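Participant: Sharing a model that was predicted from the sequence below.
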Amino acid sequence: MTEERLYSKDHEWILPLGENTVRVGITAYAVEQLGDIVYVEVPEIDAEVSVGSEMGTVESIKSASEIFSPVTGLIIAVNEELEDGPELVNDSPYEEGWFAEIQLENPIELKGLLSEANYQAYVAELAAEEEA
């Protein structure tokens with residue numbers, strides 16, 4: 001059984017898969033802010049990432065944006081479907097549009113991430129700021 005997704009303030013989601021492994025993608029809010037995604041660069045398998053380090057790039061019709069790792073660890077799988085189908089991120093950011101799987105170096109880092117309720121509150125704050 002998998003746990004609930006966790007979220008970073010950089011708009012990445014983290015899905016614990018068990019055995020200190022997580023799957024990472026970007027949130028629907030990030031996709032909405034970016035617009036239609038036309039290119040995705042995923043990290044290399046066996047690359048080491050740390051919290052806040054760049055682990056990939058997405059390009060949309062509006063702009064390019066880095067994807068930051070929400071955890072420290074080793075990339076053990078990447079979603080190769082995104083190379084030919086970047087629109088998967090637009091259509092299914094939480095299922096088909098994932099970026100990478102990471103073997104956690106320090107599972108305690110997950111405690112520093114936001115729950116879904118806290119992330120939704122954070123996004124609501126951002127929306128309120130934009131309207132002000």
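Facilitator: In hand now; what should we look at? Residues are numbered from 1 along each chain as shown.

Participant: Run a quick neighbour tally on the nearest residue to residue 107 once chain neighbours are set aside.
Facilitator: The spatially closest residue to residue 107, leaving aside those adjacent along the chain, is residue 20, at 5.3 Å (CB to CB, 6 or more residues apart in numbering). In short, each C-beta sits where N, CA and C put it, glycine included. As a burial measure, the neighbour count of residue 20 was computed by other CB atoms under 10 Å and equals 15.

Participant: I'd say residue 20 and residue 103 touch.
Facilitator: Yes. Counting by CB atoms under 8 Å, residue 20 does reach residue 103; the two are 6.3 Å apart.

Participant: confidence score at the closest residue to residue 36 other than its chain neighbours?
Facilitator: When the adjacent residues along the chain are set aside, residue 36 lies closest to residue 61, with 5.0 Å between them (CB to CB, 6+ apart). According to the prediction, residue 61 has pLDDT 89.

Participant: can you check residue 3 too?
Facilitator: 55.

Participant: try residue 131
Facilitator: Confidence for residue 131, expressed as pLDDT, is 81.

Participant: Could you do residue 79 as well?
Facilitator: Note for residue 79: predicted pLDDT of 98.

Participant: For the nearest residue to it once chain neighbours are set aside, I want the exact helix or strand it lies within.
Facilitator: Excluding the flanking residues, the one nearest residue 79 by CB to CB, 6+ apart is residue 98, at 5.2 Å. Element membership of residue 98, judged by DSSP states H and E, is empty: it is in no helix or strand.
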